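Q: Okay, sequence plus prediction incoming.
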Amino acid sequence: MKQVAQLLLLLNFCMYAIVLGIGGWAMNRAIDHGFIIGPGFDLPAHFSPIYFPMGNAATGFFVTFALLAGVVGIASVISGVNHVRFWNSNSLPAAASAATIAWSLTLLAMGFACKEIELQIRNARLRTMEAFLIILSATQLMYIAAIHGNGSTRA
């Protein structure tokens, strides 16, 4: 199970890094091309502080939670590398709790991805991030199962 956990750690790290890259692009684009409010400008009638010029009404929430899931996912990979290095029951609780928190945030972002898919208006980068989060929901769960395998022993 240790080799499976190592493979899933590498896969999850790459996928979370891609999610962070696309999410960072989306956030930067939203900041650069969002509403311009200054002297003499009134707030639009349906102003939302989570406005994204690309995508649909769910995009702002999706990108925000995808970024959170990505950061916590990378942190869980760091904790997971420590656990795989020692592979004993002393390092398991930190890796398991970090992975579970990352998985729950990934599921939350996946929920917003599903809503964004339902609303249908989005670009290719957002579709890519949706796909990665849906896949990460499964691979993170498999990683949690792999580290709870019977290979962990007390040192």
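A: Received, thanks. Values in this document were obtained by computation on a predicted structure and should not be read as measured data.
Q: Tell me where the model's unsure across this structure.
A: 35-38, 42-49, 150-155 (pLDDT under 70).
Q: which one in it is furthest away from the centre?
A: What lies farthest from the middle of the chain is residue 40; by CA atoms, centre = their mean that is 38.6 Å.
Q: Please report how far that one lies from residue 34.
A: Look at residue 40 and residue 34: by CB to CB, to the nearest Å, they are 18 Å apart. Where you see a C-beta, it was placed from the backbone N, CA and C, and this is true even at glycine.
Q: Please apply the same query to residue 139.
A: Residue 139 is 33 Å from residue 34, where distance means CB to CB.
Q: out of these two, which sits in the busier spot?
A: residue 139 (18 against 15; other CB atoms under 10 Å).
Q: Quick check: buried residues in the host helix or strand of that one?
A: Element membership for residue 139 (DSSP states H and E) is helix 124-147. Residues of helix 124-147 classed as buried: 125-126, 129-130, 132-133, 136-137, 139-141, 143-144, 146-147 (neighbour count, 16 or more other CB atoms under 10 Å).
Q: quick one: which of those residues is nearest to residue 109?
A: Closest approach between these and residue 109, by CB to CB: residue 133, at 5.1 Å.
Q: Next, work out how far apart the closest one and residue 117 are.
A: Residue 133 is 11 Å from residue 117, where distance means CB to CB.
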